[in-house]
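Student: Sequence below, structure please.
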Amino acid sequence: MSTLGKIPATVITGFLGAGKTSLIRNLIENANGKRIALIINEFGDLGVDGDLLKGCGDETCSDDDIVELANGCICCTVADDFLPTIQYLLDREKRPDHIIVETSGLALPKPLVRAFGWPEVRTQVTVDGVITVVDGPAFRDGLFASNPEAVQEQREADENLNHDSPLEELFEDQLNCADLIILNKSDLLSEDELASAEAALKEQIRPAVKLVKTSHGKINHSILLGLEAAAEDDLDVRKSHHDETDDHEHDDFDSFVVTLPNPDTPETLVERLQKAIESHGILRVKGFIAVAGKDMRLVVQGVGNRIQHYYDREWQDGETPTSQLVVIGEQGLDEQAISALIRG
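Tutor: Next up is the predicted model:
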């Protein structure tokens, strides 16, 4: 079906902490006047990614152009959340030039792409491309290697990890659906590690899919946009572990919010977080922190044992400086024990 006159949409997928938000923020800042609408699928009760992007302050992507879907995995709430959101954007007086959909790290991309084939969307929007962001150091460390048996052996040897994990399948589905692979954080890999990661990824992706290396999500927008893949029209070549059922349950994951006393220093909080992560196999921690005596808001992002933090802006009028973190992990997280460790 011709894409002429349709609004292009880009689906950005990738595992937790791969760098999707950084990629999108850089894209907005270099949009060259293109009006971009964002649909953000935040897994958890605290809209961290959405708030970060709203703070971008770019005239091509105002607060009104950002819609956050916080009701769980976007591929599980297509009818209830995603399609009405697309319709909302289409009904606006000023339609976007391009729609960006940032999926949760737990979302399967294929059911979402399939939704663009629904009659009320298909005539007006096309999937310009599916972009999968890969965390280079995580991939190097064998978290999503091509040999699942070796990965499973490593998991079984680590008492802090859950033994029954669907994470490999999620990662493979994200690769299989992609039109472009972004190997992010490549600056953290040696030349040999980078070459090895590229070779391993190319063995898993379709021949026509391109792989691009980047750091901090910085990449020219002309590489990301304008792929003209019309992905909704060739779903059969985008294989998925869930093709038989089209059913995707997330009972294997837990997510909860911890409200904690404002720490004296970022280092104090990081030390407590590291203890909690090491003791309970937490996959992701992210949130905003009010450090005692500081007027700036502290952003905290943790993936595995890697914890980053930085001050992004001053607390605004009407905001109460509070400290909250979203904790995401596999089913069975001990919320009470984890919260106690983080609170100190």
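
Student: Spell out the residue ranges of the helices in the stretch 101-250 of the chain.
Tutor: 109-115, 119-122, 136-140, 148-157, 167-177, 191-204, 221-224 (DSSP state H, counting those that start in this stretch).

Student: Could the C-alpha coordinates of the third one be exported in CSV?
Tutor: As requested, the backbone C-alpha atoms of helix 136-140 are provided in CSV (Å, rounded to 0.1, in the frame of the first residue of the first chain):
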residue,chain,number,x,y,z
GLY,A,136,26.7,-2.6,23.9
PRO,A,137,28.4,-3.4,27.3
ALA,A,138,25.4,-5.6,28.3
PHE,A,139,25.5,-7.5,25.1
ARG,A,140,29.3,-7.9,25.4
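
Student: And the contacts of that helix?
Tutor: Residues from elsewhere that reach helix 136-140 (C-beta atoms under 8 Å, 6 or more residues apart in numbering): 15, 17-18, 144-145, 183-186, 188-189, 193-194, 196-197, 200-201, 303-304, 306. Where C-beta positions appear, they are placed from N, C-alpha and C, glycine not excepted.

Student: of all the helices of the stretch 101-250 of the chain, which lies closest to L333?
Tutor: Of all those, helix 167-177 sits nearest to L333, with 14.9 Å by C-beta to C-beta.

Student: re the thing from before, deepest in the core, which of the helices of the stretch 101-250 of the chain is it.
Tutor: With neighbours defined by mean count of other C-beta atoms under 10 Å, none of the helices of the stretch 101-250 of the chain is more surrounded on average than helix 109-115, at a mean of 24.

Student: ok now it, how far from the chain's centre?
Tutor: Chain-centre distance of helix 109-115: 16 Å, with C-alpha atoms, centre = their mean, to the nearest Å.

Student: Counting by contacts, list what it packs against.
Tutor: When contacts are defined as 3 or more C-beta pairs under 8 Å, 6 or more residues apart in numbering; DSSP states H and E, helix 109-115 packs onto strand 7-14, strand 125-135, helix 167-177.

Student: which residue sits closest to the residue of the chain most remote from its centre, ignoring its sequence neighbours?
Tutor: Residue farthest from the centre of the chain, counting by C-alpha atoms, centre = their mean, is G293 at 31.9 Å. Spatial nearest neighbour of G293, excluding adjacent residues (C-beta to C-beta, 6 or more residues apart in numbering): D264 at 7.9 Å.

Student: wait, the one you found sits on A290?
Tutor: No. Between D264 and A290 there is no contact under C-beta atoms under 8 Å: 11.4 Å.

Student: more crowded one of those two?
Tutor: A290 (21 against 11; other C-beta atoms under 10 Å).

Student: Just checking: what are the partner strands of the helix or strand hosting I99?
Tutor: Under the criterion of DSSP states H and E, I99 resides in strand 98-102. Partners of strand 98-102 in the sheet, by DSSP bridges, are strand 7-14 (parallel), strand 36-41 (parallel).

Student: So this protein: which segments form each domain?
Tutor: 7-237, 253-343 (automatic domain parsing).

Student: hey, which of the ones you listed is tucked in deepest?
Tutor: Note that of these, domain 7-237 is the most buried (mean count of other C-beta under 10 Å), with a mean of 19.

Student: So what's the model's average confidence on that domain?
Tutor: Averaged over domain 7-237, pLDDT sits at 77.

Student: what about that domain, how long is it end to end?
Tutor: End-to-end span of domain 7-237 (C-alpha to C-alpha, to the nearest Å): 23 Å.

Student: how distant is it from the center of its chain?
Tutor: The answer for domain 7-237 is 6 Å, by C-alpha atoms, centre = their mean.

Student: if we can go back for a sec, adding distance to S22, write the helices of the stretch 101-250 of the chain out as a markdown table.
Tutor: Shown next, in a markdown table, are those (distance: least, C-beta to C-beta, whole Å):
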| stretch | distance to S22 |
| --- | --- |
| helix 109-115 | 19 |
| helix 119-122 | 28 |
| helix 136-140 | 13 |
| helix 148-157 | 26 |
| helix 167-177 | 17 |
| helix 191-204 | 19 |
| helix 221-224 | 13 |
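
Student: Go through the ones you listed and name the closest to P8.
Tutor: Using C-beta to C-beta, the helices of the stretch 101-250 of the chain put helix 221-224 closest to P8, at 11.0 Å.

Student: what does that closest one contact?
Tutor: Looking at what lies outside helix 221-224 - C-beta under 8 Å, 6+ apart - the contacts are T10, L23, L27, N30, A31, N32, K34, G129, I131, L180, V212.

Student: Thanks a lot, see you next time.
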